[in-house]
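Student: give me the fold of what follows.
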Amino acid sequence: MSKNGSDGGASMDGSDSSYEVIDYSENPLFLILSAIFQDEDGNTICDYLDRLVKAVDRNTSAINAKRSKRSRPHGKL
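Tutor: Next up is the predicted model:
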């Protein structure tokens, strides 16, 4: 194995390569899983989970801000 992690195939400059490119678009399992985990716009389940986490973070921040506002003594900022 060479320094760049290859077995003598593709070089870093993109010259001749000996590795095989696998096309999963005909694989039945890939087709099923991509239909489950990716919508027609190309959004994956990871995109939706990321949005969910961000929404939870925003809501948590809003709740904490309201709680800290309510716990302040009157007359103080």
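Student: the helices in the chain, which residues?
Tutor: Under the criterion DSSP state H, helices of the chain are mapped to 28-37, 45-71.
Student: what's around S34, how many residues?
Tutor: Residues near S34, counting by other CB atoms under 10 Å, number 14. For the C-beta atoms, the positions are set from N, CA and C on the backbone; glycine is no exception.
Student: indicate which one of the helices of the chain is closest to Y19.
Tutor: With CB to CB as the criterion, Y19 lies closest to helix 28-37 of these, at 19.3 Å.
Student: what's the average pLDDT for the closest one?
Tutor: Mean pLDDT, computed over helix 28-37, is 87.
Student: what's in contact with it?
Tutor: Y24, S25, T44, I45 (CB atoms under 8 Å, 6 or more residues apart in numbering).
Student: coming back round to it: nearest to E20, out of the helices of the chain?
Tutor: Nearest to E20, of all the helices of the chain, is helix 28-37, at 16.3 Å by CB to CB.
Student: just give me how far the closest one sits from the chain centre.
Tutor: A distance of 17 Å separates the centroid of the chain from that of helix 28-37, by CA atoms, centre = their mean, to the nearest Å.
Student: tilt between that helix and helix 45-71?
Tutor: For helix 28-37 against helix 45-71, the angle by axes from the mean of the first three to the mean of the last three CA atoms, to 10 degrees is 30 degrees.
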